[in-house]
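1. Sequence and predicted structure, then a few things I'm wondering about:
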Amino acid sequence: MLIEERLSKIKTILEQQESASMDYLAEQLAVSKDTIRRDLIKLEQKNIVRRIHGGAMLASREALIFDYQERANRDQQIKEQMGQLAAEMIKSNSSMILDSSTTVEAAIPYLQGKGVLAITNSLTHATLLAQLDNSEISILPGKLHKKQLFIYGAETVQKISEYSVDYTLLGVFAISQDGMFIHTEEEGLVKRQMVRQSKKVIALADHTKIETTGLFKICSLRELDVLITDQMPPQEFVAALEENNVELITLKGEKHENN
């Protein structure tokens, strides 16, 4: 394969996905990681991509990071199915933290009747949670992101650290064998603290988020308890989940529990 053809294919992959790891690119293009590394350097010099931990994303990052309404409208049926699976795992009268992702939002209607005590950094989620019978809602303090409607900052992280909850529900921007990642440190620090304060962490990711990476690492796989996704991931990733004792659940009913 000629280098220009290879560079074009890398750009196409990154346009289709929010980011991609070097391992994934090397596998897709049937070349070595060293070749991919050199290709990414060339593309970065042309300001086409930006190299990040273990991979790359398009330099025009804004084209890949959707505002709240755009995120809410993408793949809604899959989000609702994953959200229902997550909600089924929540026991009645339990406490939980919900991040601001639209996939987590899809789980909220299925919490009806469970009498949850819910803590969130999302104004939209708080409004939906308020419609649940016998629910109690706390909104985290901090700065408001006007486009994506989540709250963040040092005050937010500090407040989260004061809680100890039964569950944390997290939407996934990117996840790989190296852990879970996101595109901004400000949101990543909030999610990281949410993981630390929970007895059981449930992450939700459609298949496009798997084997990808981002700018900021939230946590390792070992810090997750459950991953819900729509399709069976690549075998290497499944093996990594098993090694880190993460339960894998897919929409097709496949379930891998690890002891």
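-> That came through, no problem.
2. What ranges does the stretch 101-250 of the chain have for its helices?
-> With DSSP state H, counting those that start in this stretch as the criterion, the stretch 101-250 of the chain has helices at 102-105, 123-129, 154-160, 185-196, 235-243.
3. quick one: buried residues of the longest one?
-> Neighbour-count burial for helix 185-196, with 16 or more other C-beta atoms under 10 Å as criterion, is recorded at 186-196. From N, CA and C alone the C-beta is placed, and that goes for glycine too.
4. Which one of these is nearest to Leu169?
-> Comparing those against Leu169 with C-beta to C-beta places Met194 closest, at 8.8 Å.
5. pretty sure that closest one is touching Gly171, no?
-> No - using C-beta atoms under 8 Å, Met194 makes no contact with Gly171, being 11.1 Å away.
6. what's the overlap in contacts for the two?
-> Asp99 (C-beta atoms under 8 Å, 6 or more residues apart in numbering).
7. ok so, going back, just put the buried residues of helix 185-196 in JSON lines and tack on pLDDT.
-> JSON lines is the format used below for these (pLDDT from 0 to 100):
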{"residue": "Glu186", "pLDDT": "90"}
{"residue": "Glu187", "pLDDT": "92"}
{"residue": "Gly188", "pLDDT": "94"}
{"residue": "Leu189", "pLDDT": "96"}
{"residue": "Val190", "pLDDT": "97"}
{"residue": "Lys191", "pLDDT": "97"}
{"residue": "Arg192", "pLDDT": "98"}
{"residue": "Gln193", "pLDDT": "98"}
{"residue": "Met194", "pLDDT": "98"}
{"residue": "Val195", "pLDDT": "98"}
{"residue": "Arg196", "pLDDT": "98"}
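8. Tabulate those residues in JSON lines, adding columns for distance to Leu2.
-> Converted to JSON lines, those look like this (distance: C-beta to C-beta, whole Å):
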{"residue": "Glu186", "distance to Leu2": "41"}
{"residue": "Glu187", "distance to Leu2": "39"}
{"residue": "Gly188", "distance to Leu2": "38"}
{"residue": "Leu189", "distance to Leu2": "43"}
{"residue": "Val190", "distance to Leu2": "44"}
{"residue": "Lys191", "distance to Leu2": "41"}
{"residue": "Arg192", "distance to Leu2": "42"}
{"residue": "Gln193", "distance to Leu2": "47"}
{"residue": "Met194", "distance to Leu2": "46"}
{"residue": "Val195", "distance to Leu2": "44"}
{"residue": "Arg196", "distance to Leu2": "48"}
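9. and which of the residues you listed is nearest to Gln28?
-> Gly188 (26.5 Å).
10. and Thr213, how many residues sit next to it?
-> 28 (other C-beta atoms under 10 Å).
11. Then Leu132?
-> Residues near Leu132, counting by other C-beta under 10 Å, number 19.
12. just the one 10 residues further on next, same as before
-> One way to gauge burial is a neighbour count; for Gly142, by other C-beta under 10 Å, it gives 20.
13. so what's it up against?
-> 121, 151-156, 159 are the contacts of Gly142 under C-beta under 8 Å, 6+ apart.
14. Quick check: the farthest pair among the residues you listed?
-> By the measure C-beta to C-beta, Asn121 and Ala154 form the most distant pair in the contacts of Gly142, at 13.0 Å.
15. So these two - more neighbours on which side?
-> A count of neighbours by other C-beta under 10 Å puts Asn121 above the other of Asn121 and Ala154, at 29 against 11.
16. That one contacts Gly153, correct?
-> No - the criterion here is C-beta under 8 Å, and Asn121 misses it with Gly153 at 9.7 Å.
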